[in-house]
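Participant: sequence first, predicted model second:
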Amino acid sequence: FRSEQNKKGRFVFFNDGNGKSSRQKEVGETGGIYDVATTDFAEVVATAKQCMKAGKGGGEMMENDVEAILRGIELCPDCEEVILIADNWENMRDFELIDFIRKPVRVILCGARDIINTEYLYLAKATNGSLHTMHEDLKNMSALKEREEIQIGATRYRILGGQFVPVFD
């Protein structure tokens, strides 16, 4: 997050609940969110390390991406967009909260090879954002219409009922 009025970057890290057990985690209230507003890279790294340490190693397959995005927007309301660095192999615990995001999300998707996690495709489309992998930059996602297809790597995706569905011939 960064705004023109405030030249500091706003960095938000999340660890999916500071080591809480799955049954203790509630959508939108999972916690484990750490932030810093700075121009000092060492402060950014220290905050990331603090977040990782408090997360106690993670290990779950669900993450609180949207909760962290919404917290970042709350902390930086004049920021024009969000950059999310996400793990392609993890789903969003709080996917149902995407409609509350009112800024474009630029998703940098790590670990994306043959198949893209369709939750991140939807996030980019729903927020008028974009999706970026090592090999592709998908922009103007919100322009995609129902039943339209896009090719990402070796896989085609079709929008059905507002969701992205892999198409295998």
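Facilitator: Arrived safely. Only a predicted model underlies this, so the values are computations on that prediction, with no experimental measurement involved. Numbering: from 1, shown residues only.
Participant: tell me which strands the helix or strand of the chain with the lowest mean pLDDT pairs with, and in which orientation.
Facilitator: Of all the helices and strands that make up the chain, strand 62-63 has the lowest average by mean pLDDT, DSSP states H and E, namely a mean of 88. Sheet partners assigned to strand 62-63 using DSSP bridges are listed as strand 91-92 (parallel).
Participant: next SSE after the strand it pairs with?
Facilitator: Next in sequence after strand 91-92, counting helices and strands by DSSP states H and E, comes strand 105-110.
Participant: show me which residues of that next one are buried.
Facilitator: Residues 105, 106, 107, 108, 109 are the ones in strand 105-110 that count as buried (16 or more other Cβ atoms under 10 Å). (Glycine included, C-beta is placed from N, CA and C.)
Participant: tell me the one among those nearest to residue 71.
Facilitator: Distances from residue 71 to the buried residues of strand 105-110, taken as Cβ to Cβ, are shortest for residue 105 (13.6 Å).
Participant: and the gap between that closest one and residue 26?
Facilitator: Residue 105 is 22 Å from residue 26, where distance means Cβ to Cβ, to the nearest Å.
Participant: SS state for the spatially most central residue of the chain?
Facilitator: The centroid of the chain falls nearest to residue 84 when counting by Cα atoms, centre = their mean (4.2 Å). Residue 84 carries the three-state label strand when classified by DSSP: H, G, I helix; E, B strand; the rest coil.
Participant: surely it and residue 106 touch.
Facilitator: Yes. With contact defined as Cβ atoms under 8 Å, residue 84 and residue 106 form a contacting pair (7.1 Å).
Participant: show me what the helix ranked longest in the chain is packed against.
Facilitator: Assignment by DSSP state H gives helix 41-54 as the longest helix of the chain. Under the contact criterion of 3 or more Cβ pairs under 8 Å, 6 or more residues apart in numbering; DSSP states H and E, helix 41-54 touches strand 9-14, strand 33-38.
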